[in-house]
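[1] Please find the sequence and the predicted model below.
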Amino acid sequence: MSAARRALLIIDHGSRNEHANQAISEFAGRIAEARSDWRVAHAHMELAQPDVPSTIDALVSDGVSEIHVHLHFLGRGYHVRETIPELMEAAQARHPGLAITISDPIGEHPRLVDIVLESLTLVEG
């Protein structure tokens, strides 16, 4: 599938702190630089814009027909278990033919342990 039709949507919780929201935007930008073959976007569940439905609608308006959702959450809280699957079902109802896959929360990735251990070596110096 062509780059114009595939997207990675990074979803985080969102924050009242603009610096925290800017961090996810910058993270999405680094992913986009590394994977120019995919459209990369980010959205927040609460407290900030862009929100998930409007981001999905914008991606579809731009010709995207396949979205891989990256859950930028540490665990399987309410949003991961309930809200995000409901939002994805609603998006598919609004956009018949839209293919959506959802990752596991980033906190469940086995390499996250390595990242934490690496941060200890930086402290121990």
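    Received it, and whenever you're ready, just let me know what you need. Numbers count the residues shown, from 1 in each chain.

[2] drop to CA atoms for contacts and neighbour counts, all remaining ones
    OK.

[3] so what's residue 25 up against?
    residue 42 (Cα atoms under 8 Å, 6 or more residues apart in numbering).

[4] Quick check: which ranges of this protein have low pLDDT?
    Along the chain, segments meeting pLDDT under 70 span 1-4, 125.

[5] any idea which residue sits dead centre in it?
    Nearest to the mean C-alpha position of the chain, by Cα atoms, centre = their mean, lies residue 10 at 1.3 Å.

[6] tell me the strands in the chain, going along the chain?
    Chain-ordered strands for the chain, with DSSP state E as the definition, fall at 6-12, 39-44, 66-71, 99-102.

[7] Direction included, what does the shortest one pair against?
    Think strand 99-102. Looking at strand 99-102 with DSSP bridges, its partner strands are strand 66-71 (parallel).

[8] The partner strand: what's the following helix or strand?
    Helices and strands here follow DSSP states H and E; after strand 66-71, the next one along the chain is helix 78.

[9] picking that back up, is it possible to export the strands of the chain to a markdown table including distance to residue 115?
    Listed next are the strands of the chain as a markdown table, based on distance: least, Cα to Cα, whole Å:
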| stretch | distance to residue 115 |
| --- | --- |
| strand 6-12 | 19 |
| strand 39-44 | 23 |
| strand 66-71 | 18 |
| strand 99-102 | 23 |
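
[10] on that earlier part again, list the contacts of the residue nearest to the centre of the chain.
    Under the criterion of Cα under 8 Å, 6+ apart, the neighbours of residue 10 are 28, 40, 41, 42, 43, 69, 70, 71, 72.

[11] partners of it in the sheet?
    Going by DSSP bridges, residue 10 is paired in beta bridges with residue 42, residue 70.

[12] what separates it from residue 19, distance-wise?
    Counting by Cα to Cα, to the nearest Å, the gap from residue 10 to residue 19 is 17 Å.

[13] Then residue 116?
    If you measure residue 116 against residue 19 using Cα to Cα, the figure is 23 Å.

[14] Quick check: of the contacts of residue 10, which lies closest to residue 100?
    Using Cα to Cα, residue 69 is the member of the contacts of residue 10 that sits closest to residue 100, with 7.1 Å.

[15] tally of neighbours for the closest one?
    Residue crowding around residue 69 was assessed by other Cα atoms under 10 Å; the count is 20.
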